[in-house]
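**Student:** Whatever this is, show me its structure:
(one chain, ligands or ions: 1)
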Amino acid sequence: MNIEREQLEMDVVFVGAGPANLAAALYLKKAVAEHNELVEKGIKRGVKKIDELEIGIVEKGSFVGAHILSGAVMDPIALRELMPDFLEQGCPVDAAVTEDAFWYLTENKLLNAPIVPPPLKNKGKYIISLSKMCEWLAEKCEEAGINIFPEFPASEVLYDENDRVIGIRTGDKGIDKEGHPKGNFEPGVDLLAKVTVLGEGSRGSLAKQLTQRLGLNEGKEPQVFSLGVKELWELPAGKFEEGKVIHTLGFPSDTQTYGGGWLYGMKNNILSIGYVTGLDYVDPNIDPHAEFQKFKTHPAIAEILEGGKMIKYGAKTINAGGWWTMPQLYADGVLLVGDCASFLNGQRIKGIHTAMKSGMLAAETIVSAFEQGDFTSKTLKEFERKVNTSWIYDELYPVRNFHASFQSGRWMALVNGGLQFITGGYAWGFMPMEHHVAGHERMAKLEDFNNEKFADRYTNVKFDKKLTFDKVTDVYHAGVAHDEDQPSHLHVLDTEICATRCAEEYGNPCQRFCPAAVYEMEVNPKTERRELKVNFSNCVHCKTCDIADPYQIINWVTPEGGGGPNYKGM
Ligand code: SF4
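**Tutor:** Predicted coordinates for the structure are as follows:
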């Protein structure tokens, strides 16, 4: 289809309205104003004032926060730098953490650790809904004159003839499932910018395209991911204190699988409860959603939930690889920030503060680029120097081997984790020092796996819709909506593999690792073969399939703008 597209020229375009980009845009406005004031007062000499910048943030969700999901306990260090009076300015924190606990769970028992591991001490931090916080930050951005475009998914990166990034294209609207324009067809827009900042979150679809095309992952370790599955519960008054934080290790994960649970007491007797499963698991039978449901059947957890009601559901991947898996953070005309650039601290299970700080350092770099009128790598590489000399480095470098040690199993990881904590990241020969195998390469074939031992993994999970929920019921509580008459945004590049090799070798694990019942193998009455059915309208945009598929033949691309989950208040 030959489409004429509108071109909009901006100075800076941010892709994704998450914490990294919202902080970046706000900080950029502030930094430009400060720069101009210093030039005006003659304190900064030899440089010109920067003209008012045209800044845009594109967001695929129907509103800012719609696709934002996290636990979340936030370390306010970056927010305090951005806005020292954030509480007075109305930042929607749910509660300050008053009590920490660390539980080790066996199948029926609970060991309450007498000492909470220091990385998991959260007193004085804030329990928040990250979705609410992003909504609030977006309001601050708009007050500062930043343009926010919800329902505008960025579908591709635009390059010039020298592979310099010159902006992004937003997705077309109004295409039917056969790929033909409908009556409401609106072509996507080309947003041209001097600097494009990708802050799309975990497994960003443009970040994936960009890093592959420009080789930004060369010399880096493969990224490893985890999937967090979460519910909000309304509990009887007094059942779980506001401000209380519990992290768990053990049940239901086996010792070869990275995993752990959380319970955070929010305002108004709301409990945030969830479970993280490493997507570098070995057993192809693992189902991260079912792991979470099983977690809730532990007597200590079930007792907390007794009398309560599940009110919301969501699932999202996180980049767990850390420092060694961080891509090159710049190229001509582009910077990468936040989760899509691996800024999460896996040991603390925290990434909001590092994401925001990465955005703010990117903003400082952009100011230098406008000062110099140079938007090439020569200037933008300054971003990496800023990261390497900031508290991000001080925090992430000492935990650079944290996740990799879990690829040797839980017990080795605990020994190594302790050693790393004492030595600042060294692991004394227990662990090979070339780390991180990509998760999809670690998945064992059914025939190579001891299935007898694990066959009854989920037989005790009843999915009774009181304590434990099947995927379809949970997805309903994620408020997911996609127009069904559009092309599927889940591109399965070779469905023949699904029906043949994958069925035999792995038992079609997409049916299990997707937390939203999108993938089903069912018999096609015409061919009488089991074939893949993709219920794309259930998709909660977690990106697990793009990551975990052992053949890497699933490509997640942005659907029509506004489609997806509704995580308001999550
Ligand atoms: Fe997540 Fe993929 Fe399932 Fe969508 S289809 S919910 S991205 S695993």
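**Student:** what about R213, which helix or strand?
**Tutor:** R213 is part of helix 205-214, with elements assigned from DSSP states H and E.
**Student:** Please spell out which residues along that helix are buried.
**Tutor:** Buried residues in helix 205-214, counting neighbours by 16 or more other CB atoms under 10 Å, are found at 205-211, 214. For glycine as for every other residue, the C-beta is placed from the backbone atoms N, C-alpha and C.
**Student:** How about stretch 481-493?
**Tutor:** Across stretch 481-493, burial judged by 16+ other CB under 10 Å covers 482-483, 486-490, 492.
**Student:** and the ligand, which of these reach it?
**Tutor:** Contacts with the ligand within these, counted by CB under 6 Å from any ligand atom: L490.
**Student:** and which of the buried residues of stretch 481-493 is nearest the ligand?
**Tutor:** The closest of these to the ligand turns out to be L490 (CB to the nearest ligand atom; 5.4 Å).
**Student:** per-domain residue ranges of the protein.
**Tutor:** According to automatic domain parsing, the chain comprises the domains 7-72+135-221+324-398, 401-439.
**Student:** What's the separation between the residue nearest to V58 when sequence neighbours are not counted and S205?
**Tutor:** In space, and not counting its chain neighbours, V58 is closest to F152: 4.2 Å by CB to CB, 6 or more residues apart in numbering. As judged by CB to CB, to the nearest Å, F152 and S205 stand 14 Å apart.
**Student:** Could you do G46 as well?
**Tutor:** According to CB to CB, G46 and S205 sit 41 Å apart.
**Student:** In strands, which of the buried residues of stretch 481-493 appear?
**Tutor:** Judged by DSSP state E, strands contain the following of these: 490, 492.
**Student:** now for the buried residues of stretch 481-493, which pair is the farthest apart?
**Tutor:** Within the buried residues of stretch 481-493, two members stand farthest from each other by CB to CB: D483 and V492, at 19.9 Å.
**Student:** Secondary structure class of the closest residue to the ligand within the stretch 151-300 of the chain, three-state.
**Tutor:** The minimum distance from the stretch 151-300 of the chain to the ligand, using CB to the nearest ligand atom, falls at L227 (8.3 Å). Using DSSP: H, G, I helix; E, B strand; the rest coil, the structure places L227 in strand.
**Student:** List the beta-bridge partners for it.
**Tutor:** Applying DSSP bridges to L227 gives these bridge partners: T277, T317.
**Student:** tally of neighbours for it?
**Tutor:** For L227, the neighbour count with other CB atoms under 10 Å is 30.
**Student:** All further residue positions should be reported with the first residue as 517.
**Tutor:** From this message on, residue numbering opens at 517, which makes the last subject L743.
**Student:** Adding pLDDT, write the buried residues of stretch 997-1009 out as JSON lines.
**Tutor:** Shown next, in JSON lines, are the buried residues of stretch 997-1009 (pLDDT from 0 to 100):
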{"residue": "H998", "pLDDT": "97"}
{"residue": "D999", "pLDDT": "96"}
{"residue": "Q1002", "pLDDT": "98"}
{"residue": "P1003", "pLDDT": "97"}
{"residue": "S1004", "pLDDT": "97"}
{"residue": "H1005", "pLDDT": "98"}
{"residue": "L1006", "pLDDT": "98"}
{"residue": "V1008", "pLDDT": "97"}
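**Student:** what secondary structure does the closest residue to D986 other than its chain neighbours sit in?
**Tutor:** Excluding the flanking residues, the one nearest D986 by CB to CB, 6+ apart is F979, at 4.4 Å. Assigned state for F979: coil (three-state reduction, three-state DSSP).
**Student:** tell me the contacts of F979?
**Tutor:** Counting by CB atoms under 8 Å, 6 or more residues apart in numbering, F979 touches 809, 985-986, 989.
**Student:** Of these, keep whichever come out buried.
**Tutor:** If we count by 16+ other CB under 10 Å, the contacts of F979 have these buried: 809, 985-986.
**Student:** where does this protein dip in pLDDT?
**Tutor:** Low-confidence segments of the chain, defined by pLDDT under 70, are located at 517, 927, 931, 934-951.
**Student:** Centroid-nearest residue for it?
**Tutor:** Compute the mean C-alpha point of the chain, and by CA atoms, centre = their mean the closest residue is S718, 3.5 Å away.
**Student:** thinking again about what came up before, for the buried residues of helix 721-730, work out which two are farthest apart.
**Tutor:** Taking CB to CB, no two of the buried residues of helix 721-730 sit farther apart than S721 and L730, at 15.4 Å.
**Student:** anything in stretch 562-576 near the ligand?
**Tutor:** No. Stretch 562-576 lies out of reach of the ligand by CB under 6 Å from any ligand atom, never closer than 12.6 Å.
**Student:** same question, stretch 712-732
**Tutor:** No. Using CB under 6 Å from any ligand atom, stretch 712-732 stays clear of the ligand, with a minimum separation of 8.7 Å.
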